[in-house]
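Engineer: The following comprises the amino acid sequence and a computationally predicted model.
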Amino acid sequence: IWLTLRHPNILQFLGANTFDETPFLVMPYVPYNARQFLQQQPTFDPVYILRDVSLGLQFLHSRKICHGDIKGINILVEESGKSLLCDFGLARIKSDVTSRTAQVGMAPIIAGSRNWMAPELMAGSLQKMPSDIYSFGMTLYELYADENPLSNIAITDFIELVFQMGTRPDRPDIEEVPKLCDSLWTLAEQCWLQDPKARPTA
């Protein structure tokens, strides 16, 4: 999938070596992920990173591609502040998605990153565009709060609280995160709505 993508906010895939014992991918060097960049540049507003991510997502979704693992570490940021989506290890063409969450006893095995993962995926639903939107909302929280979303929830309680009860992050104190304005918080809340059909589109 990655090989076919050309967009200013998608990290370009340049090539790969699959002949040696240690295969590798070739891609442009980008010095920071989103969290690292914001820690290095504390005056930089995360909204510009989120804007670039939304443009990259819009491009992917227009081609029926789900990214599948949107979070700060999978957003790379150039020195200029331009952001690029990367890590398409979980990306799927929508029509080709057939894998579901597997269960071993009572413990679900979930691909991707639990704290950013849409609740419907925990129930075994297929990866779809609204799942990326949910992850985008969690990433919005992550970049402004400088912490993983829902990090206070134990793994043993995660499915019950997030999937069944709809637990979401609390808004950070305005004095600690003044850049997180009302309109952005409302956007985050819309992105992580329990009903996938009620979430906005890219």
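Structural biologist: The structure has been received and is ready for your questions.

Engineer: dump the residue contacts of the residue most central in space within the chain.
Structural biologist: Residue closest to the average C-alpha location in the chain (CA atoms, centre = their mean): Ile70, at 1.5 Å. Each residue near Ile70 by CB atoms under 8 Å, 6 or more residues apart in numbering is listed here: 53, 57, 85, 116, 132, 135-136, 139. The C-beta positions use only the backbone N, C-alpha and C, and glycine is treated the same way.

Engineer: can you give me the helices for the protein?
Structural biologist: Ranges of helices within the chain are 34-40, 46-62, 119-122, 129-145, 158, 182-191, based on DSSP state H.

Engineer: next one: the third one to chain centre, how far?
Structural biologist: How far helix 119-122 lies from its chain's middle: 14 Å, per CA atoms, centre = their mean, to the nearest Å.

Engineer: same thing with the last one?
Structural biologist: For helix 182-191, the distance from its own C-alpha centre to the chain's C-alpha centre is 16 Å (CA atoms, centre = their mean).

Engineer: Next, the angle helix 129-145 makes with that helix.
Structural biologist: 140 degrees (axes from the mean of the first three to the mean of the last three CA atoms, to 10 degrees).

Engineer: quick one on the thing from earlier: and the helices of the chain, which is most packed in?
Structural biologist: helix 129-145 (a mean of 24; mean count of other CB atoms under 10 Å).

Engineer: What segments of this protein are strands?
Structural biologist: 15-17, 24-26, 32-33, 65-66, 75-77, 83-85, 92-93, 102-104, 107-109 (DSSP state E).
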